[in-house]
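> all I have is the shape, not the residue letters:
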């Protein structure tokens, strides 16, 4: 009886630590309110609110080493960097998470291999063979590969959600710029006025890019194009040519901005309708499976009686 208890405790501890590493606990409501108050009080530092905590010494060293390794081989990973810039996370921290999780794969496989036999599970009578469950060495490699890819999958999911939110704000921003231009304002003032009408993180990013344009010696529309390139938002990246024509054709620029805002809204509406359709289809499949299970539950006793007779 002691062996199965020890094996179960080892496996449970390993699974608990693995889940804590993959899915860290979310901050509570009080902590989120404190962060929001700090952002409003101190401003949006560098236009980015970081979503990761202060890394430890080991994580910093591993991230820096991995970043130097990637840079030496010319691996830029532009899409990953754009997603990280959108979420306010560091490239080194992301690489450290990937490699540290991958390094935990072989120990996790070893814990499972040591704990499962202690449970006394004997699958021989069930399968007709005489052997006990064991974790092969290849499982360590597979588990390490899965853990190595999990941060990328989570990054893409989070970045897709945040990019949709940014596009929604960008559409409203372009509408505001077009309205200010229609009122007779100059393009730089129209851009700054439109960016100052919101307090969300996306509007802060736009406003920060416009403020830093003067320090960098570039035009505001070039700053927006750089921001679009940094976070991989095509709608901002393609603004520079059209906004650069504002002194020559102000009416054309207003029409172009209004058309871009309308295109963003239509794209958002199409995405929402697509997700609604997918959920409706999934609910239809769930209802069908539920009805099929209920019919099987009702008809199984009668079918057994007929076969028995």
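Thanks, I have it. Just so it is clear, the structure is predicted and the values come from calculations on it, not from any experiment.

> which elements pack onto whichever strand or helix holds residue 149?
Assigned by DSSP states H and E, residue 149 belongs to helix 137-182. Secondary-structure packing of helix 137-182 (3 or more C-beta pairs under 8 Å, 6 or more residues apart in numbering; DSSP states H and E): helix 78-87, helix 91-103, helix 105-115, helix 187-195, helix 201-216, helix 234-237, helix 250-308. (Glycine included, C-beta is placed from N, CA and C.)

> and the longest one with helix 137-182, angle?
Angle, helix 250-308 to helix 137-182, by axes from the mean of the first three to the mean of the last three C-alpha atoms, to 10 degrees: 140 degrees.

> equivalent analysis for the second one, please.
What separates the directions of helix 91-103 and helix 137-182 is an angle of 160 degrees, with the same axes, to 10 degrees.

> buried set for helix 91-103?
The neighbour-count check on helix 91-103 (16 or more other C-beta atoms under 10 Å) flags 91, 92, 93, 94, 95, 96, 97, 98, 99, 100, 101, 102 as buried.

> repeat for the fifth one
When burial is assessed from 16+ other C-beta under 10 Å, helix 201-216 yields the following buried residues: 201, 202, 203, 204, 205, 206, 207, 208, 209, 210, 212, 213.

> ditto for the fourth one
Neighbour counts over helix 187-195 (16+ other C-beta under 10 Å) mark 187, 188, 190, 191, 192, 194, 195 as buried.

> contacting residues around that helix?
Counting contacts by C-beta atoms under 8 Å, 6 or more residues apart in numbering, the residues outside helix 187-195 that touch it are 173, 176-177, 179-181, 185, 203, 206-207, 210, 220-221, 224, 243, 246-247, 253.

> and those residues, which of them are buried?
Buried subset of the contacts of helix 187-195 (neighbour count, 16+ other C-beta under 10 Å): 173, 176-177, 179-181, 185, 203, 206-207, 210, 220-221, 224, 243, 246, 253.

> ok, for residue 197, nearest residue in space, not its chain neighbours?
Nearest non-adjacent residue to residue 197, counting by C-beta to C-beta, 6 or more residues apart in numbering: residue 176, 6.1 Å away.

> mind checking pLDDT for residue 149?
As predicted, residue 149 sits at a pLDDT of 90.

> now for it, how many residues are close by?
13 (other C-beta atoms under 10 Å).

> from residue 84, how far off is it?
Residue 149 is 16 Å from residue 84, where distance means C-beta to C-beta, to the nearest Å.

> cool, and residue 228?
Taking C-beta to C-beta, one finds residue 228 at 16 Å from residue 84.

> returning to that earlier point: so which of the buried residues of helix 187-195 is the closest to residue 165?
When these are compared for distance to residue 165 (C-beta to C-beta), residue 195 wins out at 16.1 Å.

> you'd agree residue 237 is up against residue 231?
No. Using C-beta atoms under 8 Å, residue 237 is not in contact with residue 231; the gap is 9.4 Å.

> comparing those two, which shows the higher neighbour count?
Between residue 237 and residue 231, residue 231 has the larger neighbour count (other C-beta under 10 Å), namely 23 against 16.

> which ones are touching the more buried one?
82, 85, 86, 163, 166, 205.

> what about 7 Å?
Residue 231 makes contacts with 82, 85, 86, as judged by C-beta atoms under 7 Å, 6 or more residues apart in numbering.

> surely the last one touches residue 163?
By that I understand residue 86. Yes. The criterion here is C-beta atoms under 7 Å, and residue 86 meets it with residue 163 at 6.2 Å.

> between the two, who's got more neighbours?
Higher neighbour count among residue 86 and residue 163: residue 86, with 23 against 19, using other C-beta under 10 Å.

> separation between that one and residue 285?
Distance from residue 86 to residue 285, by C-beta to C-beta: 33 Å.

> equivalent analysis for residue 292, please.
Here the distance between residue 292 and residue 285 works out to 10 Å (C-beta to C-beta).

> what does residue 174 give?
Computed as C-beta to C-beta, the residue 174 to residue 285 distance reads 39 Å.

> more neighbours, the two?
More crowded of residue 174 and residue 285, by other C-beta under 10 Å: residue 174, with 23 against 9.

> how about that one, nearest residue that isn't a chain neighbour?
The shortest distance from residue 174 to any non-neighbouring residue, by C-beta to C-beta, 6+ apart, is to residue 261 (4.1 Å).

> neighbours around the one you found, how many?
20.

> again with residue 263
Quick note: residue 263 (other C-beta under 10 Å) scores 13 neighbours.
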